[in-house]
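Trainee: pasted the sequence and its predicted model underneath.
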Amino acid sequence: MWSVVKSVLAALLGVQSNQKRQEDFSSGKPAAYIVTGLIVTFIFVMLLLVLASFAAR
């Protein structure tokens, strides 16, 4: 599971190598990457909302 999280975070930041991306597409289950991507995106958006709330005070 940790490798899926690392791959999703690397892809989110745009620093994932082409070789690692090919490995992910050939060996991983798509559902794990989709669910992890949605969770990471949700956490990122919530973090931005909290930071914006504190900055607006």
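Mentor: The structure has been received and is ready for your questions.
Trainee: I'd like the mean pLDDT over the longest helix seen in the chain, please.
Mentor: Across the chain, the longest stretch assigned as helix under DSSP state H is helix 30-56. For helix 30-56, mean pLDDT rounds to 94.
Trainee: just checking, what packs against that helix?
Mentor: helix 2-13 (3 or more Cβ pairs under 8 Å, 6 or more residues apart in numbering; DSSP states H and E). To be clear about C-beta, it is placed using only N, CA and C from the backbone, and glycine gets the same treatment.
Trainee: need the contact partners of the helix it packs on.
Mentor: Gln16, Lys20, Arg21, Asp24, Gly28, Ala32, Tyr33, Thr36, Gly37, Val40, Thr41, Phe44 (Cβ atoms under 8 Å, 6 or more residues apart in numbering).
Trainee: need the buried ones from those selected in PyMOL.
Mentor: Those of those that count as buried under 16 or more other Cβ atoms under 10 Å are selected in PyMOL with:
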select buried, resi 16+24+32+33+36+37
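Trainee: distance of Gln19 from Ser3?
Mentor: 14 Å (Cβ to Cβ, to the nearest Å).
Trainee: of the two, which one has the most company?
Mentor: Ser3 (13 against 8; other Cβ atoms under 10 Å).
Trainee: pLDDT score assigned to that one?
Mentor: 83.
Trainee: same check on Leu9?
Mentor: Model confidence at Leu9 (pLDDT) stands at 88.
Trainee: and for it, the neighbour number?
Mentor: There are 15 residues near Leu9, going by other Cβ under 10 Å.
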